[in-house]
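K.L.:
Any chance you can model this:
(one chain, ligands or ions: 1)
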Amino acid sequence: MWYNNILETIGNTPMVKLNKVTKDIPATVLAKIETSNPGNSIKDRMALKMIEDAEKSGKLKPGGTIIEGTSGNTGMGLAIAAVIKGYKCIFTSTDKQSKEKFDALRAFGAEVIVCPTNVEPEDPRSYYSVSSRLEREVPNSWKPNQYDNLSNSQAHYESTGPEIWEQTEGKITHLVAGVGTGGTISGIARYLKEQNPNIKVLGIDTYGSVFKKYKETGEFDKNEIYPYITEGIGEDFLPANVDFSLIDHFEKVTDKDAALMTREIARKEGIFAGNSTGSAIAGVIQMKDMFKEGDVVVVVFPDHGTRYLGKMYNDDWLRDRGFLKDGKLTAHDIIAKKESTEI
Ligand code: PMP
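P.N.:
Numbering: from 1, shown residues only. Prediction:
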(Lines give C-alpha, C1' and ligand atoms only; values in the text may rest on other atoms or scores of the structure.)
Protein backbone atom coordinates (compact mmCIF):
# COMPACT_ATOMS: atom_id res chain seq x y z
CA MET A 1 0.00 0.00 0.00
CA TRP A 2 1.43 3.38 -0.98
CA TYR A 3 0.37 6.95 -1.57
CA ASN A 4 0.72 8.35 -5.10
CA ASN A 5 2.42 11.54 -3.89
CA ILE A 6 3.12 13.35 -0.64
CA LEU A 7 -0.09 15.42 -0.85
CA GLU A 8 -2.15 12.31 -0.27
CA THR A 9 -0.60 12.01 3.20
CA ILE A 10 -2.18 15.28 4.38
CA GLY A 11 -4.73 14.88 7.19
CA ASN A 12 -5.82 11.89 9.28
CA THR A 13 -3.51 13.10 12.04
CA PRO A 14 -3.32 11.34 15.41
CA MET A 15 -5.12 12.35 18.59
CA VAL A 16 -3.18 11.87 21.83
CA LYS A 17 -4.32 12.16 25.46
CA LEU A 18 -2.34 14.60 27.59
CA ASN A 19 -1.36 13.11 30.93
CA LYS A 20 0.80 15.64 32.77
CA VAL A 21 0.57 19.27 31.66
CA THR A 22 -3.20 19.37 32.17
CA LYS A 23 -3.33 17.12 35.27
CA ASP A 24 -5.25 19.78 37.25
CA ILE A 25 -8.04 19.88 34.66
CA PRO A 26 -10.87 17.51 35.66
CA ALA A 27 -11.67 16.70 31.98
CA THR A 28 -9.98 14.40 29.46
CA VAL A 29 -7.72 16.65 27.34
CA LEU A 30 -6.83 15.38 23.87
CA ALA A 31 -4.24 16.87 21.51
CA LYS A 32 -4.90 16.83 17.76
CA ILE A 33 -1.31 16.53 16.56
CA GLU A 34 -1.06 18.36 13.23
CA THR A 35 2.72 18.05 13.01
CA SER A 36 2.33 14.72 11.27
CA ASN A 37 1.25 16.48 8.08
CA PRO A 38 4.05 16.54 5.45
CA GLY A 39 4.81 20.25 6.05
CA ASN A 40 4.68 19.61 9.80
CA SER A 41 1.69 21.88 10.31
CA ILE A 42 -2.09 22.09 10.10
CA LYS A 43 -1.72 24.58 7.25
CA ASP A 44 -1.06 21.83 4.68
CA ARG A 45 -4.79 21.12 4.72
CA MET A 46 -5.96 24.60 3.79
CA ALA A 47 -3.05 25.30 1.42
CA LEU A 48 -4.01 22.32 -0.74
CA LYS A 49 -7.71 23.20 -0.58
CA MET A 50 -7.08 26.84 -1.61
CA ILE A 51 -4.97 25.66 -4.57
CA GLU A 52 -7.49 23.04 -5.69
CA ASP A 53 -10.39 25.51 -5.48
CA ALA A 54 -8.39 28.13 -7.44
CA GLU A 55 -7.57 25.54 -10.11
CA LYS A 56 -11.26 24.71 -10.42
CA SER A 57 -12.34 28.35 -10.65
CA GLY A 58 -9.56 29.14 -13.15
CA LYS A 59 -7.83 31.70 -10.91
CA LEU A 60 -4.68 29.54 -10.80
CA LYS A 61 -3.48 28.47 -14.24
CA PRO A 62 -0.84 25.90 -15.26
CA GLY A 63 2.72 27.09 -14.60
CA GLY A 64 1.42 30.01 -12.51
CA THR A 65 3.13 31.74 -9.58
CA ILE A 66 1.60 31.65 -6.11
CA ILE A 67 2.24 34.84 -4.10
CA GLU A 68 1.27 35.02 -0.45
CA GLY A 69 2.05 36.86 2.76
CA THR A 70 2.70 34.00 5.16
CA SER A 71 4.44 33.41 8.47
CA GLY A 72 5.79 30.14 7.18
CA ASN A 73 3.34 27.34 7.85
CA THR A 74 0.91 28.28 5.08
CA GLY A 75 3.91 28.89 2.87
CA MET A 76 5.19 25.41 3.59
CA GLY A 77 1.85 23.87 2.66
CA LEU A 78 1.66 25.93 -0.53
CA ALA A 79 5.32 25.22 -1.41
CA ILE A 80 4.88 21.45 -1.10
CA ALA A 81 1.70 21.46 -3.18
CA ALA A 82 3.42 23.73 -5.74
CA VAL A 83 6.30 21.26 -6.13
CA ILE A 84 3.89 18.43 -6.93
CA LYS A 85 1.62 20.53 -9.13
CA GLY A 86 4.29 22.55 -10.99
CA TYR A 87 3.77 26.11 -9.68
CA LYS A 88 6.31 28.71 -8.55
CA CYS A 89 6.04 30.36 -5.11
CA ILE A 90 7.00 33.81 -3.81
CA PHE A 91 6.32 34.49 -0.11
CA THR A 92 6.49 37.69 1.89
CA SER A 93 6.84 37.50 5.66
CA THR A 94 7.91 39.57 8.65
CA ASP A 95 11.25 39.81 10.39
CA LYS A 96 9.78 38.62 13.73
CA GLN A 97 9.31 35.11 12.34
CA SER A 98 11.85 32.33 12.91
CA LYS A 99 14.69 32.22 10.37
CA GLU A 100 14.26 28.43 10.37
CA LYS A 101 10.82 28.90 8.82
CA PHE A 102 12.23 30.90 5.88
CA ASP A 103 15.05 28.42 5.28
CA ALA A 104 12.54 25.57 5.22
CA LEU A 105 10.46 27.37 2.55
CA ARG A 106 13.55 27.98 0.46
CA ALA A 107 14.33 24.25 0.69
CA PHE A 108 11.26 23.66 -1.51
CA GLY A 109 12.43 26.21 -4.09
CA ALA A 110 10.25 29.09 -2.88
CA GLU A 111 11.48 32.68 -2.93
CA VAL A 112 11.04 34.45 0.45
CA ILE A 113 10.98 38.23 0.95
CA VAL A 114 11.36 39.33 4.58
CA CYS A 115 9.53 42.59 5.48
CA PRO A 116 9.57 44.73 8.68
CA THR A 117 7.04 43.79 11.41
CA ASN A 118 6.44 47.14 13.04
CA VAL A 119 4.82 49.02 10.15
CA GLU A 120 1.13 49.60 9.40
CA PRO A 121 -0.50 47.11 6.98
CA GLU A 122 -1.04 50.03 4.53
CA ASP A 123 2.70 50.91 4.59
CA PRO A 124 4.32 50.02 1.21
CA ARG A 125 7.00 48.03 3.13
CA SER A 126 4.47 45.82 4.99
CA TYR A 127 4.24 42.21 3.95
CA TYR A 128 0.61 42.72 2.93
CA SER A 129 1.55 45.60 0.59
CA VAL A 130 4.62 43.88 -0.87
CA SER A 131 2.65 40.75 -1.71
CA SER A 132 -0.20 42.78 -3.28
CA ARG A 133 2.33 44.67 -5.41
CA LEU A 134 4.00 41.45 -6.57
CA GLU A 135 0.60 40.01 -7.43
CA ARG A 136 -0.08 43.00 -9.70
CA GLU A 137 3.34 42.91 -11.35
CA VAL A 138 4.25 39.19 -11.67
CA PRO A 139 2.56 37.67 -14.78
CA ASN A 140 0.24 34.65 -14.37
CA SER A 141 0.24 35.02 -10.59
CA TRP A 142 -2.39 34.27 -7.98
CA LYS A 143 -2.62 35.39 -4.36
CA PRO A 144 -4.52 32.87 -2.20
CA ASN A 145 -5.15 35.45 0.59
CA GLN A 146 -5.50 32.97 3.42
CA TYR A 147 -7.20 35.54 5.66
CA ASP A 148 -10.26 36.15 3.50
CA ASN A 149 -10.25 33.05 1.26
CA LEU A 150 -13.04 30.86 2.64
CA SER A 151 -11.48 27.71 1.14
CA ASN A 152 -9.31 27.99 4.27
CA SER A 153 -12.07 27.33 6.81
CA GLN A 154 -13.81 24.99 4.34
CA ALA A 155 -10.73 22.70 4.43
CA HIS A 156 -11.23 22.25 8.17
CA TYR A 157 -15.00 21.82 7.77
CA GLU A 158 -14.33 18.98 5.34
CA SER A 159 -11.35 17.26 7.00
CA THR A 160 -10.24 18.34 10.50
CA GLY A 161 -13.77 18.65 11.90
CA PRO A 162 -14.97 15.18 10.80
CA GLU A 163 -11.69 13.60 12.00
CA ILE A 164 -12.12 15.09 15.48
CA TRP A 165 -15.76 13.98 15.62
CA GLU A 166 -14.84 10.42 14.63
CA GLN A 167 -11.74 10.17 16.83
CA THR A 168 -13.72 11.20 19.91
CA GLU A 169 -16.70 9.04 18.84
CA GLY A 170 -18.85 12.16 19.12
CA LYS A 171 -17.89 12.65 22.79
CA ILE A 172 -16.11 15.99 22.33
CA THR A 173 -17.55 18.72 24.59
CA HIS A 174 -15.01 21.54 23.99
CA LEU A 175 -12.78 22.57 21.09
CA VAL A 176 -9.75 24.76 21.84
CA ALA A 177 -7.78 26.32 18.96
CA GLY A 178 -5.54 29.32 18.39
CA VAL A 179 -6.99 31.99 16.12
CA GLY A 180 -4.89 33.63 13.40
CA THR A 181 -6.70 33.64 10.07
CA GLY A 182 -9.55 31.90 11.92
CA GLY A 183 -9.78 29.11 9.35
CA THR A 184 -8.95 26.30 11.76
CA ILE A 185 -11.38 27.20 14.52
CA SER A 186 -14.25 28.36 12.29
CA GLY A 187 -14.16 25.36 9.94
CA ILE A 188 -13.90 22.77 12.71
CA ALA A 189 -16.52 24.60 14.82
CA ARG A 190 -19.03 24.73 11.97
CA TYR A 191 -18.78 20.96 11.44
CA LEU A 192 -18.86 20.08 15.13
CA LYS A 193 -21.77 22.39 15.99
CA GLU A 194 -23.77 20.87 13.14
CA GLN A 195 -23.29 17.46 14.83
CA ASN A 196 -23.90 18.76 18.36
CA PRO A 197 -24.78 22.43 18.98
CA ASN A 198 -23.84 22.10 22.68
CA ILE A 199 -20.12 21.78 21.90
CA LYS A 200 -18.29 24.84 23.25
CA VAL A 201 -15.67 26.49 21.04
CA LEU A 202 -12.86 28.35 22.81
CA GLY A 203 -10.48 30.54 20.81
CA ILE A 204 -6.95 31.33 21.96
CA ASP A 205 -5.84 34.93 21.40
CA THR A 206 -2.71 36.91 22.32
CA TYR A 207 -2.21 40.18 24.18
CA GLY A 208 -1.72 42.72 21.39
CA SER A 209 -4.56 41.30 19.25
CA VAL A 210 -8.12 42.53 18.66
CA PHE A 211 -10.17 39.30 18.69
CA LYS A 212 -11.22 38.94 22.35
CA LYS A 213 -12.33 42.54 22.79
CA TYR A 214 -14.21 42.46 19.47
CA LYS A 215 -16.09 39.29 20.48
CA GLU A 216 -17.02 40.74 23.87
CA THR A 217 -17.94 44.30 22.90
CA GLY A 218 -18.42 44.35 19.12
CA GLU A 219 -15.88 47.16 19.13
CA PHE A 220 -12.73 47.17 16.99
CA ASP A 221 -10.41 48.75 19.55
CA LYS A 222 -7.11 49.99 18.12
CA ASN A 223 -5.76 50.34 21.69
CA GLU A 224 -5.67 46.53 21.88
CA ILE A 225 -3.02 46.47 19.15
CA TYR A 226 0.68 46.35 20.06
CA PRO A 227 3.63 44.17 19.05
CA TYR A 228 3.87 40.71 20.61
CA ILE A 229 6.19 37.74 20.36
CA THR A 230 3.80 34.78 20.01
CA GLU A 231 3.75 33.43 16.46
CA GLY A 232 0.79 32.24 14.42
CA ILE A 233 -2.14 33.63 16.43
CA GLY A 234 -3.76 37.01 17.08
CA GLU A 235 -4.29 39.75 14.50
CA ASP A 236 -4.60 43.51 14.20
CA PHE A 237 -7.58 43.26 11.82
CA LEU A 238 -10.63 40.99 11.38
CA PRO A 239 -10.06 38.26 8.74
CA ALA A 240 -13.16 36.96 6.93
CA ASN A 241 -12.29 33.42 8.08
CA VAL A 242 -12.96 34.26 11.75
CA ASP A 243 -16.65 33.44 12.28
CA PHE A 244 -17.30 35.09 15.64
CA SER A 245 -20.79 33.55 15.83
CA LEU A 246 -19.22 30.07 16.16
CA ILE A 247 -16.65 31.00 18.84
CA ASP A 248 -18.12 31.05 22.33
CA HIS A 249 -15.20 32.59 24.20
CA PHE A 250 -11.71 33.99 23.58
CA GLU A 251 -8.89 33.56 26.08
CA LYS A 252 -5.77 35.73 25.90
CA VAL A 253 -2.37 34.26 26.81
CA THR A 254 0.86 36.18 27.45
CA ASP A 255 4.03 35.69 25.41
CA LYS A 256 5.84 34.43 28.51
CA ASP A 257 3.21 31.87 29.50
CA ALA A 258 3.02 30.61 25.91
CA ALA A 259 6.80 30.27 25.60
CA LEU A 260 7.25 28.45 28.92
CA MET A 261 4.31 26.11 28.30
CA THR A 262 5.65 25.22 24.84
CA ARG A 263 8.79 23.90 26.55
CA GLU A 264 6.84 22.14 29.26
CA ILE A 265 4.81 20.20 26.67
CA ALA A 266 8.04 18.79 25.18
CA ARG A 267 9.48 17.94 28.59
CA LYS A 268 6.36 16.48 30.17
CA GLU A 269 4.45 14.95 27.25
CA GLY A 270 7.28 14.26 24.79
CA ILE A 271 5.44 16.26 22.13
CA PHE A 272 7.69 18.67 20.21
CA ALA A 273 5.28 21.46 19.33
CA GLY A 274 5.35 25.10 18.28
CA ASN A 275 4.72 28.37 20.08
CA SER A 276 0.94 28.57 19.59
CA THR A 277 0.56 25.09 21.11
CA GLY A 278 2.01 26.54 24.32
CA SER A 279 -0.56 29.36 24.08
CA ALA A 280 -3.38 26.86 23.65
CA ILE A 281 -2.44 24.72 26.66
CA ALA A 282 -1.66 27.74 28.86
CA GLY A 283 -5.14 28.98 27.83
CA VAL A 284 -6.76 25.67 28.78
CA ILE A 285 -5.16 25.92 32.23
CA GLN A 286 -6.37 29.53 32.61
CA MET A 287 -9.90 28.36 31.70
CA LYS A 288 -9.86 25.30 33.98
CA ASP A 289 -13.06 26.32 35.83
CA MET A 290 -14.98 25.89 32.57
CA PHE A 291 -14.32 22.13 32.49
CA LYS A 292 -15.78 19.36 34.63
CA GLU A 293 -15.26 15.63 35.00
CA GLY A 294 -16.45 13.68 31.98
CA ASP A 295 -15.79 16.55 29.56
CA VAL A 296 -13.70 15.79 26.48
CA VAL A 297 -11.58 18.78 25.47
CA VAL A 298 -9.81 18.66 22.10
CA VAL A 299 -6.89 21.07 21.66
CA VAL A 300 -5.40 21.68 18.22
CA PHE A 301 -1.57 21.40 18.15
CA PRO A 302 -0.84 23.35 14.92
CA ASP A 303 2.89 23.06 14.25
CA HIS A 304 6.28 21.55 15.09
CA GLY A 305 9.01 22.56 17.55
CA THR A 306 11.90 22.51 15.06
CA ARG A 307 10.73 25.89 13.78
CA TYR A 308 11.32 27.41 17.23
CA LEU A 309 14.70 25.91 18.18
CA GLY A 310 16.27 29.37 18.15
CA LYS A 311 13.39 30.81 20.18
CA MET A 312 11.54 29.36 23.20
CA TYR A 313 13.58 26.16 23.08
CA ASN A 314 16.74 28.26 23.48
CA ASP A 315 17.62 29.31 27.06
CA ASP A 316 19.47 32.46 25.94
CA TRP A 317 16.47 33.64 23.96
CA LEU A 318 14.24 33.18 27.03
CA ARG A 319 16.76 34.83 29.35
CA ASP A 320 17.07 37.87 27.03
CA ARG A 321 13.33 38.41 27.35
CA GLY A 322 13.22 37.76 31.10
CA PHE A 323 11.12 34.62 30.55
CA LEU A 324 13.36 32.07 32.27
CA LYS A 325 12.05 31.08 35.70
CA ASP A 326 13.93 32.81 38.50
CA GLY A 327 16.37 30.99 40.75
CA LYS A 328 16.76 28.01 38.44
CA LEU A 329 20.43 27.54 37.60
CA THR A 330 21.18 25.42 34.57
CA ALA A 331 24.55 23.78 33.88
CA HIS A 332 24.97 26.54 31.30
CA ASP A 333 24.51 29.23 34.01
CA ILE A 334 27.03 27.53 36.30
CA ILE A 335 29.69 27.33 33.57
CA ALA A 336 29.04 30.91 32.42
CA LYS A 337 29.36 32.16 36.03
CA LYS A 338 32.61 30.26 36.55
CA GLU A 339 34.07 31.64 33.34
CA SER A 340 33.18 35.22 34.24
CA THR A 341 34.70 34.98 37.77
CA GLU A 342 37.87 33.40 36.36
CA ILE A 343 38.26 36.30 33.90
N1 PMP B 1 -0.65 28.32 15.09
C2 PMP B 1 0.27 28.47 14.14
C3 PMP B 1 1.67 28.06 14.43
C4 PMP B 1 -0.06 29.04 12.89
O5 PMP B 1 0.86 29.20 11.94
C6 PMP B 1 -1.40 29.45 12.69
C7 PMP B 1 -1.76 30.09 11.38
N8 PMP B 1 -1.62 31.49 11.39
C9 PMP B 1 -2.33 29.28 13.72
C10 PMP B 1 -1.92 28.69 14.90
C11 PMP B 1 -3.75 29.76 13.61
O12 PMP B 1 -4.50 29.05 12.68
P13 PMP B 1 -5.58 29.78 11.79
O14 PMP B 1 -4.84 30.70 10.85
O15 PMP B 1 -6.28 28.69 11.06
O16 PMP B 1 -6.48 30.57 12.68
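
K.L.:
Close to the ligand: what parts of the protein are there?
P.N.:
Residues of the chain found near the ligand (Cβ under 6 Å from any ligand atom) are 71, 73, 178-185, 231-233, 274, 276, 302-303. All C-beta atoms are positioned from the backbone trio N, CA, C, and that covers glycine.

K.L.:
Any idea how many residues pack against D53?
P.N.:
Using other Cβ atoms under 10 Å, D53 has 18 neighbouring residues.

K.L.:
What of N275?
P.N.:
27.

K.L.:
Which secondary structure element is home to the nearest residue to H156 once chain neighbours are set aside?
P.N.:
If the residues on either side of it in the chain are set aside, H156 comes closest to G187, at 2.7 Å by Cβ to Cβ, 6 or more residues apart in numbering. Here G187, judged by DSSP states H and E, is contained in helix 183-195.

K.L.:
Give me the buried positions along that helix.
P.N.:
Across helix 183-195, burial judged by 16 or more other Cβ atoms under 10 Å covers G183, T184, I185, S186, G187, I188, A189, R190, Y191, L192, K193.

K.L.:
And for stretch 99-113?
P.N.:
K101, F102, A104, L105, F108, A110, V112.

K.L.:
Tell me who's in contact with the residue of the stretch 51-200 of the chain found nearest the ligand.
P.N.:
Residue nearest to the ligand within the stretch 51-200 of the chain (Cβ to the nearest ligand atom): G180, separated by 2.9 Å. G180 is in contact with S71, G232, I233, G234, E235, P239, S276, counting by Cβ atoms under 8 Å, 6 or more residues apart in numbering.

K.L.:
Which residues does the helix holding G187 contact?
P.N.:
42, 46, 146, 152-158, 160-162, 164-165, 170, 172, 175, 177-179, 199, 201, 203, 241-243, 246-247, 300, 302.

K.L.:
cool, and stretch 49-62?
P.N.:
Against stretch 49-62 from outside (Cβ under 8 Å, 6+ apart): 66, 78, 81-82, 85-87, 140, 142, 144, 146, 149, 151-152, 154-155, 158.
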